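Asker: Here is a sequence with its predicted model. Questions after.
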Amino acid sequence: MISWEFIKKHKLGLPLLWDLIMVLVVLGNLGLILFDLTYLWFRPFYFRNFPVVLSIYDKPILGIEPHRVTEAYTGYVDDLVYLTKLRDSEFRENQRKQTREEIHTVLQKLKGSVSSEKFDVLYSNYEAGLLIEDVEIRRTKLEPILIQFIDFFSVLEETDDINSLISLSEKYFFINRLSQAGKEGQELEKILVSMDKKMLEIVETNPFATSGQTENFISIQDTIKAEYQTHKTKARDIKIRQDLDLVLNRDRIPSTVVAFAWFWRDSDRALEDKVAFFNNHLRVYFELNYYRAIGSDGNLVNHYLLLDAPFLAFFLFEFGISWLLAIRKKTYIAWFLYPVYHWYDVLGLIPLVEFRFFRLVRVYKIYLMLQTNQFTRILGNDLISKTLRYYSNIIKEEISDLVTIQILTETQNEVKSGNSLDQFVNAIDQNREELKKVVLNNIAKSAQNENLRDLIQNLVVEVSDNVSNHLKPISFLPKEMQANVAKQLSLSIYQAVSKATVAMAQDPTGRKSVENLIDYLIDEMILFAQDPDMIKLNTNITVALIENMKKSIGEKKWLKAEIGSS
């Protein structure tokens, strides 16, 4: 661990402080990068435990919004809850008053941006209607005014204020309708029919697929179907399907739509119990579904660089200062070599979201700082240093293995194309003249080499002895003399050949003969390389050899290593 006594003793000042800051900044940036790379994976966890994270990161950074289709369905459920609350007259009057005031606030905002005589008249009429004390007279006065406002804004470009006005007006109409006797049942059925249509849309379009949450949709279907299965009867199922057929105009109603239609209309269960079941088992899946906006470039919105910009500016500043210092100290033989040696910094400075993965290479920067600066003396050979070395070796081995395997794979593809043997022969053909010079020079050298001459003479003697032992004896010569004659004859032939070879290598005519022989051999090799069987054999052997090399390189040697031995 870090020894603060060591720091104090050796008075490690500004350089060490700067290194500490760099390590902390790099670690902070790496933490942000890992958070961004894993955000969508851990989003359900944040949703359940840290919902504030979604409000900070969803829409502002990734352009994530609740999916309109699934949000609309949960909105209908909320409407059912709201409808039951409106049964209380005091709550209903408070909601009506609050809605009127919210509408008035929105109209005040619009008044500052809309220049129209008709709008001014409607606005004055609305303010006058708010002053009416009688509940029914006020309602009958304000509703037509709001309808005229909606008609007026329907031909204008949509804005947030206009949409808010329309939404609040519909809420006001809804509250007023429920104030009338016998209207609650109609409003309830209207909401249920809207839920049936929306569920049919969900089943047919699967809005969960775009966010990769089809598994959640399957869970929704399995849950509601299992609930329906415990109460399902043939007669009930037929009745529900017939009723839905009138509403949805479909001959075949999906079983999920049937199950949800039964669930919300089940008379044996109170609405509060239905809502509780929905909230506990299904709502989270609907609310987790999202839609991600598409940017003008056709790609998914991603403003991660807004968060990463301060880090990029810091690292760019540090890179520039370090480069200038390297030039001043003449650390490298050329000023432009600094980025080459510090490739890991260059990768981390690429200001593109798609390259954020490469910023993980900054781990290597931390390792170098800890190894090359004063941290080495502070950390020593403890677990931290060993761990850094261990994982650094893993990174280096994995990168080098990937590059090597890629090169070998490309070589295999080239061999499989059938051109490798041709390329080899062509390379020899292109160097005919050089090959001739080398052969002629080595012929003379080999013939005059004493060690090689003695070796060949001994070999000739052994061969002549073996031959004389198997020859038919000559009757008028002794056996010993026969062997001696064979030996002397063989040596004479070898010496004659050696002298002839040296003479041939030095004589223009002899050199021309050797060159013709080499030309002949190369021409034969070219013809040989065009043989289909030879090409196939060469390809199989070479590909198999490279494949064995790839297997050897692909072996994870770091798996056999331990942190302590790194």
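Answerer: Perfect, I can see it now.

Asker: in the stretch 1-150 of the chain, which spans are helices?
Answerer: 4-10, 14-49, 51-62, 68-85, 89-111, 117-130, 135-153 (DSSP state H, counting those that start in this stretch).

Asker: ditto for the stretch 201-350 of the chain
Answerer: 214-229, 234-248, 255-265, 271-281, 283-288, 304-329, 338-341, 343-348.

Asker: closest to Asp58 out of the ones you listed?
Answerer: Nearest of the helices of the stretch 201-350 of the chain to Asp58, taken as Cβ to Cβ: helix 283-288 at 11.2 Å. Where you see a C-beta, it was placed from the backbone N, CA and C, and this is true even at glycine.

Asker: Residues contacting the closest one, please?
Answerer: 43-44, 47-48, 66, 70-71, 73-74, 77, 213, 216-217, 219-220 (Cβ atoms under 8 Å, 6 or more residues apart in numbering).

Asker: and if you look at stretch 225-243?
Answerer: For stretch 225-243, contacts defined as Cβ under 8 Å, 6+ apart pick out Ile253, Ser255, Thr256, Val258, Ala259, Ala261, Trp262, Phe263, Arg265, Asp266, Asp268, Phe277.

Asker: still on that earlier bit, of the contacts of helix 283-288, which is the most crowded?
Answerer: With neighbours taken as other Cβ atoms under 10 Å, the top of the contacts of helix 283-288 is Thr70, carrying 25 neighbours.

Asker: so that residue makes contact with Ile220?
Answerer: No - checked against Cβ atoms under 8 Å, the pair Thr70 and Ile220 is beyond contact range at 9.6 Å.

Asker: Same list, the helices of the stretch 1-150 of the chain, but as TSV with distance to Ile202 and mean pLDDT please.
Answerer: Output for these, formatted as TSV (distance: least, Cβ to Cβ, whole Å; pLDDT from 0 to 100):
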stretch	distance to Ile202	mean pLDDT
helix 4-10	61	53
helix 14-49	19	84
helix 51-62	21	92
helix 68-85	6	92
helix 89-111	29	91
helix 117-130	38	91
helix 135-153	28	90
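
Asker: what about those, which gets the closest to Leu545?
Answerer: Of the helices of the stretch 1-150 of the chain, nearest to Leu545 by Cβ to Cβ is helix 14-49, at 39.2 Å.

Asker: on that earlier part again, could you dump the helices of the stretch 1-150 of the chain into a markdown table with distance to Leu408 added?
Answerer: As requested, the helices of the stretch 1-150 of the chain are arranged in a markdown table below (distance: least, Cβ to Cβ, whole Å):
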| stretch | distance to Leu408 |
| --- | --- |
| helix 4-10 | 48 |
| helix 14-49 | 30 |
| helix 51-62 | 39 |
| helix 68-85 | 49 |
| helix 89-111 | 68 |
| helix 117-130 | 75 |
| helix 135-153 | 68 |
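
Asker: hmm, back to that, now, which of the contacts of stretch 225-243 sits nearest Phe35?
Answerer: Among the contacts of stretch 225-243, Phe277 lies closest to Phe35 (Cβ to Cβ), at 34.8 Å.

Asker: Between which two of the contacts of helix 283-288 is the distance greatest?
Answerer: Arg43 and Val77, at 22.2 Å, using Cβ to Cβ across the contacts of helix 283-288.

Asker: give me phi/psi at Pro254?
Answerer: Backbone geometry at Pro254, expressed as degrees, to the nearest 10, gives phi -60, psi 140.

Asker: To what extent is it buried, counted in neighbours?
Answerer: Counted by other Cβ under 10 Å, the residues lying close to Pro254 total 17.

Asker: With His342 as the reference, measure out to the closest residue to it other than its chain neighbours.
Answerer: Distances taken as Cβ to Cβ, 6 or more residues apart in numbering place Val203 nearest to Pro254, at 4.7 Å, with adjacent residues excluded. In this view, Val203 and His342 are 56 Å apart by Cβ to Cβ, to the nearest Å.

Asker: I'd like to know how far the residue nearest to Pro254 sits from Val69.
Answerer: On the measure of Cβ to Cβ, Val203 and Val69 end up 11 Å apart.

Asker: Of the contacts of stretch 225-243, just the buried ones, PyMOL syntax please.
Answerer: With 16 or more other Cβ atoms under 10 Å as the burial test, the buried ones among these are selected in PyMOL as follows:
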select buried, resi 253+255+256+258+259+261+262+263+265+266+277
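
Asker: Lowest pLDDT pick from the contacts of stretch 225-243?
Answerer: For the contacts of stretch 225-243, the least confident position by pLDDT is Asp268, scoring 88.

Asker: for it, what are its contacts?
Answerer: With contacts defined as Cβ under 8 Å, 6+ apart, Asp268 is in contact with His231.

Asker: And for Gln221?
Answerer: Applying Cβ under 8 Å, 6+ apart to Gln221 gives the contacts Thr256.

Asker: so what's it scoring on pLDDT?
Answerer: 96.

Asker: Neighbours of Leu107, how many?
Answerer: Residues lying near Leu107 (other Cβ under 10 Å) number 20.

Asker: got the contact list for it?
Answerer: Listed by Cβ under 8 Å, 6+ apart, the contact partners of Leu107 are Tyr123, Tyr126, Phe149, Leu165.

Asker: Including neighbour count and distance to Arg139, could these go into JSON lines?
Answerer: Shown next, in JSON lines, are the contacts of Leu107 (neighbours: other Cβ atoms under 10 Å; distance: Cβ to Cβ, whole Å):
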{"residue": "Tyr123", "neighbour count": "19", "distance to Arg139": "19"}
{"residue": "Tyr126", "neighbour count": "19", "distance to Arg139": "13"}
{"residue": "Phe149", "neighbour count": "24", "distance to Arg139": "16"}
{"residue": "Leu165", "neighbour count": "21", "distance to Arg139": "18"}
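
Asker: Nearest to Leu347, out of these: which one, please.
Answerer: Nearest to Leu347 among the contacts of Leu107, with distances taken as Cβ to Cβ, is Leu165, at 51.7 Å.

Asker: Unless I misread the structure, the closest one falls within a strand.
Answerer: No - secondary structure of Leu165 (DSSP: H, G, I helix; E, B strand; the rest coil): helix, not part of a strand.

Asker: How about the contacts made by it?
Answerer: The neighbours of Leu165, taking Cβ under 8 Å, 6+ apart as the test, are Ile103, Val106, Leu107, Leu110, Phe149, Ile150, Phe153.

Asker: Check what pLDDT it gets.
Answerer: On the pLDDT scale, Leu165 gets 91.

Asker: any idea which helix or strand carries Lys198?
Answerer: helix 183-205 (DSSP states H and E).

Asker: where's the closest residue to Ile103 other than its chain neighbours relative to Val203, distance?
Answerer: Leaving aside its chain neighbours, Ile103 sits nearest to Leu168 (4.9 Å; criterion: Cβ to Cβ, 6+ apart). Distance, Leu168 to Val203, by Cβ to Cβ: 32 Å.

Asker: Between these two, which has more neighbouring residues?
Answerer: More crowded of Leu168 and Val203, by other Cβ under 10 Å: Leu168, with 21 against 16.

Asker: Next, format the contacts of Leu165 as a markdown table and append distance to Pro532.
Answerer: Listed next are these as a markdown table, based on distance: Cβ to Cβ, whole Å:
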| residue | distance to Pro532 |
| --- | --- |
| Ile103 | 87 |
| Val106 | 84 |
| Leu107 | 88 |
| Leu110 | 84 |
| Phe149 | 86 |
| Ile150 | 82 |
| Phe153 | 80 |
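
Asker: among those, which ones are buried?
Answerer: By 16+ other Cβ under 10 Å, those give Ile103, Val106, Leu107, Leu110, Phe149, Phe153 as buried.

Asker: any idea which of these is closest to Asp58?
Answerer: Val106 (25.9 Å).

Asker: Double-check the closest one against Asn163; I have them as touching.
Answerer: No - applying Cβ under 8 Å as the test, Val106 and Asn163 come out as separate, 9.7 Å apart.

Asker: By mean pLDDT, flag the weakest helix or strand of the protein.
Answerer: The helix or strand of the chain with the poorest confidence is helix 375-379; it has a mean of 48 (mean pLDDT, DSSP states H and E).
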